[in-house]
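1. have a look; sequence and predicted model below, questions after that.
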Amino acid sequence: MRAAFYYDLRSPEAYLAAERVINLLPAAEWIPVTAPQIPGADLLDGFRCQTDREAFCDRIERVAARRGLQQMRWPDPFPCDSAYAMRVATYACRIGRAVAFSLAAFRQAFAGGRDLGTPDNVLIAAAACEMHPRAVTKGAHLGSVARALDDATTRATQRGVRDVPAVWLPDGSVFHGDDGLDGAVRALIA
């Protein structure tokens, strides 16, 4: 068994983590999950006021800038409906393109400011990693892909994932959030 990186493409914190996972945990399996189906997950729609929302966005933008990532451009709407994009991410897992597609989609959303609730924006991300649009469209609508996404989400919650991003280690420990990656790396080295 190997480490697992759980994410939903609607999460800017998962975007920040994804840009680090690729280097810090290169052998981790990338597993898309549906954050709204994880009990207690932050759905990013419960800001008390506009000031709280702005503080959240400012924090994410500062971290992205400090890491040398492209300037954050927030999709409209934020958070987006990621259901279609997550089915495509699940299909990408089946064909060995989970990492490439997911990074492209995260960058479309948070560096390009594109709404991943719009299928054309998802297809642009898929094309960036050489996934054929007809195959992607067909794959996203397969019942087996939808079931695989639901199963991955259920398994994540059984493993103790309570929000995204999260890293699960084979010893059963779970590290949440972008900052949790550092703890996961320390635990693997120890």
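-> On my side now, so go ahead. Residues are numbered from 1 along each chain as shown.

2. what about the strands in the protein?
-> In the chain, the strands defined using DSSP state E lie at 4-7, 29-32, 166-168, 174-176.

3. please point out which parts of the second one sit buried.
-> This points to strand 29-32. Neighbour-count burial for strand 29-32, counted by 16 or more other C-beta atoms under 10 Å, picks out Trp30, Ile31, Pro32. (Glycine included, C-beta is placed from N, CA and C.)

4. same check, this time on the first one
-> Of all the residues in strand 4-7, those buried under the rule 16+ other C-beta under 10 Å are Ala4, Phe5, Tyr6, Tyr7.

5. can you list the strands that that strand pairs with?
-> Using DSSP bridges, strand 4-7 pairs in its sheet with strand 29-32 (parallel), strand 166-168 (antiparallel).

6. Gly46 is nearest to which of those strands?
-> Taking C-beta to C-beta, strand 166-168 is the member of the strands paired with strand 4-7 nearest to Gly46, at 19.1 Å.

7. what does the closest one rub up against?
-> Strand 166-168 has contacts (C-beta atoms under 8 Å, 6 or more residues apart in numbering) with 3-6, 21, 25, 28, 156, 159-161, 174-177, 180-181, 184.

8. filter those to the buried ones?
-> 3-6, 21, 25, 28, 156, 159, 161, 174-177, 180-181, 184.

9. can you list the strands of the chain in CSV and add distance to Glu61 and mean pLDDT?
-> Listed next are the strands of the chain as CSV, based on distance: least, C-beta to C-beta, whole Å; pLDDT from 0 to 100:
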stretch, distance to Glu61, mean pLDDT
strand 4-7, 19, 98
strand 29-32, 24, 98
strand 166-168, 22, 98
strand 174-176, 21, 98
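
10. closest one to Asp151 among those?
-> Judging the strands of the chain by C-beta to C-beta, what sits closest to Asp151 is strand 29-32, at 10.3 Å.

11. mind picking the two most distant members of the buried residues of strand 4-7?
-> Ala4 and Tyr7 (10.1 Å).

12. for Ser173, give me its contacts.
-> Ala184, Ala187 are the contacts of Ser173 under C-beta under 8 Å, 6+ apart.

13. can you lay out the strands paired with strand 4-7 as CSV showing distance to Ala140?
-> As requested, the strands paired with strand 4-7 are exported to CSV (distance: least, C-beta to C-beta, whole Å):
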stretch, distance to Ala140
strand 29-32, 12
strand 166-168, 24
